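Q: turn this into a structure:
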Amino acid sequence: MNLGINLCFAVKRMPAPEAWAAFVRDDLGLGSVQLTFDLLDPWWSEPERGRVISRIRQAAERQDLSIHSACVGLAHYVPAGLLDPDPDARTMARTWWLRAIDVAADLGARAVGGPLGSMSADDATHPGHTRARYEDLVESLAVLCQRTHHAGLEHFLIEPTPIVREIPSTIAQCAQLIADLDAAGAANAAYTLDIGHTVYEPLYGPNATVQEWITGLGRHIALVHLDNTDRHGDPHWGWPDPRGCVDVTEVGRHLADAGLAEVPVMLEVFPRFEDDDETVRKLIVSSVTHCRQALAAAATAPGA
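A: Residues are numbered from 1 along each chain as shown. Below is the predicted model of the structure:
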C-alpha cells in the first residue's frame, strides 16, 4: 500500500517547504505528501502566491517527493463554507474552492478537496432549509468538479465528517450525494475516508466499524486518511498511544478485501500546537514506522 503523509504536522512548526520536504524524505523515508492549505492559502494574491507555489514545487522535486493532493486544512474547515446560510458567504466559499483547485493544479497535484462546510443549527432543524442547503451544495460541487476536470486534476475529494450538520456525515448521505453528482455530470467526485471519523460512537454508536464505511463507499474512495482515536472524538493521534484503538493492519486488510489496496493512504497526525518540537518529531517518526509495518503485515496476510 502506498503510504504518504498529510503535512498538518508541519503547521506552526515547519512552514518552510525546504524544512518539511527534508524531514519527510530524510527522517520518514516517504515519497508522497498531501499539502494542507494552512501552509498555502488560495486567498493569497498573485504574484506572491505563485512564488510560494514555485518554492514548494522546487523543494518537493529536490527531495523527489510527489504532491499527491491538497486539502482544506484547519483554518478553512472552521467557516460554514458551502453550507453557510448567507448566499453571499456561499458564493465566496465557492470562489475560495475555485482558487484552491487552481492552486492544486499549479502545485502539480492529482486531486484537491476536504470537508465542505456546516449548516447552521437553525437550518439543520428546518427540513425545507436543509433541503435548500443540500441543493445549493450539489450545484456548487458540480461547478467545482467541472473546474477540477478542466484544471487537469483527477478528483475533487469530499471528506465525510462525523457531525450531523455537515454533509455528508453518514454512509447513506455519501451514497445519495455521489448519485446526485453523477446525475449532474460530476463523475470525478470521490471520497477521502478518514478512519478516525468512521468509528465516532456518539454519532454512529458503539458497533460502528471502519469496514462498513469501506464497503459502503467502495470504489468511490480515492484517498484514505489514517489517524488514531478512542472513538469518542477526532483527536488525530498517532502511534503508539495507549488511548487509541485504531488497528492499522485491520484497516489495511479491509481495504485489500474491498479491492482498494492501491488507494493512497495518507497518515494524518495532528499534534497539539503546544507540544514541543522534539516530541512531535518523535511522534511522527514512530507513527510512520508503526503504519508502514502494519500495512505491510496486511499486504502479506493470508488472502491478501
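Q: all contacts plus neighbour counts: C-alpha atoms, from now on.
A: OK.
Q: so where's the stretch 51-200 of the chain uncertain?
A: Using pLDDT under 70 as the threshold, the predicted model of the stretch 51-200 of the chain has no low-confidence range.
Q: now do the helices in it.
A: Listed in chain order, the helices of the stretch 51-200 of the chain (DSSP state H, counting those that start in this stretch) span 87-107, 121-124, 127-150, 171-183, 195-198.
Q: so which bits of the longest one are buried?
A: Translated: helix 127-150. Counting neighbours by 16 or more other Cα atoms under 10 Å, one finds that the buried residues in helix 127-150 are 129-130, 133-134, 136-138, 140-149.
Q: let me know the angle separating that helix from helix 87-107.
A: Relative orientation of helix 127-150 with respect to helix 87-107: 20 degrees, computed using axes from the mean of the first three to the mean of the last three Cα atoms, to 10 degrees.
Q: would TSV of the helices of the stretch 51-200 of the chain with distance to residue 297 be doable?
A: TSV is the format used below for the helices of the stretch 51-200 of the chain (distance: least, Cα to Cα, whole Å):
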stretch	distance to residue 297
helix 87-107	33
helix 121-124	43
helix 127-150	36
helix 171-183	28
helix 195-198	18
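Q: between those, which one is nearest to residue 271?
A: Of all those, it is helix 195-198 that lies closest to residue 271, at 14.7 Å by Cα to Cα.
Q: CA-only coordinates of the closest one in PDB, if you can.
A: Backbone C-alpha positions of helix 195-198 (Å, rounded to 0.1, in the frame of the first residue of the first chain) are rendered in PDB as follows:
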ATOM      1  CA  ILE A 195     -10.500   6.400   9.600                       C
ATOM      2  CA  GLY A 196     -11.000   8.200  12.800                       C
ATOM      3  CA  HIS A 197     -14.200   9.700  11.600                       C
ATOM      4  CA  THR A 198     -15.800   6.300  10.800                       C
END
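Q: which residues are contacting the one helix or strand residue 284 maps to?
A: Assigned by DSSP states H and E, residue 284 belongs to helix 277-300. For helix 277-300, the external contacting residues (Cα atoms under 8 Å, 6 or more residues apart in numbering) are 1, 3, 9, 13, 27-28, 238-240, 248-250, 252-253, 256, 267, 269, 271, 304.
Q: out of those, which sit inside strands?
A: 3, 267 (DSSP state E).
Q: is it possible to mark the buried ones in the contacts of helix 277-300?
A: Buried residues within the contacts of helix 277-300, defined by neighbour count using 16+ other Cα under 10 Å: 1, 3, 9, 28, 238-239, 248-250, 252-253, 256, 267, 269, 271.
Q: now the two most distant members of the residues you listed.
A: Farthest apart among those by Cα to Cα are 256 and 271. That separation is 28.8 Å.
Q: tally up the residues packed near the nearest residue to residue 142 once chain neighbours are set aside, please.
A: Counting by Cα to Cα, 6 or more residues apart in numbering, residue 186 is the residue found nearest to residue 142 once chain neighbours are left out, at 5.4 Å. Here the neighbour count serves as a burial measure; for residue 186 (other Cα atoms under 10 Å) it reads 23.
Q: show me the contacts for residue 186.
A: Residues 141-142, 145-146 are the ones in contact with residue 186 under the rule Cα under 8 Å, 6+ apart.
Q: what are the phi and psi angles of it?
A: Residue 186 adopts backbone torsions of phi -100, psi 70, taken as degrees, to the nearest 10.
Q: then residue 184?
A: As for residue 184, its main-chain torsions (degrees, to the nearest 10) stand at phi -90, psi 0.
Q: any idea how many residues pack against it?
A: Counted by other Cα under 10 Å, the residues lying close to residue 184 total 14.
Q: can you check residue 208 too?
A: Every residue meeting other Cα under 10 Å relative to residue 208 is counted, giving 15.
Q: my read is it is in a helix, agree?
A: No. Counting by DSSP: H, G, I helix; E, B strand; the rest coil, one finds residue 208 to be coil, located in no helix.
Q: so it touches residue 197, yeah?
A: No. Contact between residue 208 and residue 197 fails when scored by Cα atoms under 8 Å: they sit 10.3 Å apart.
Q: still on that earlier bit, measure the residue nearest to residue 142 to residue 149 for me?
A: Note on residue 186: its distance to residue 149, by Cα to Cα, to the nearest Å, is 9 Å.
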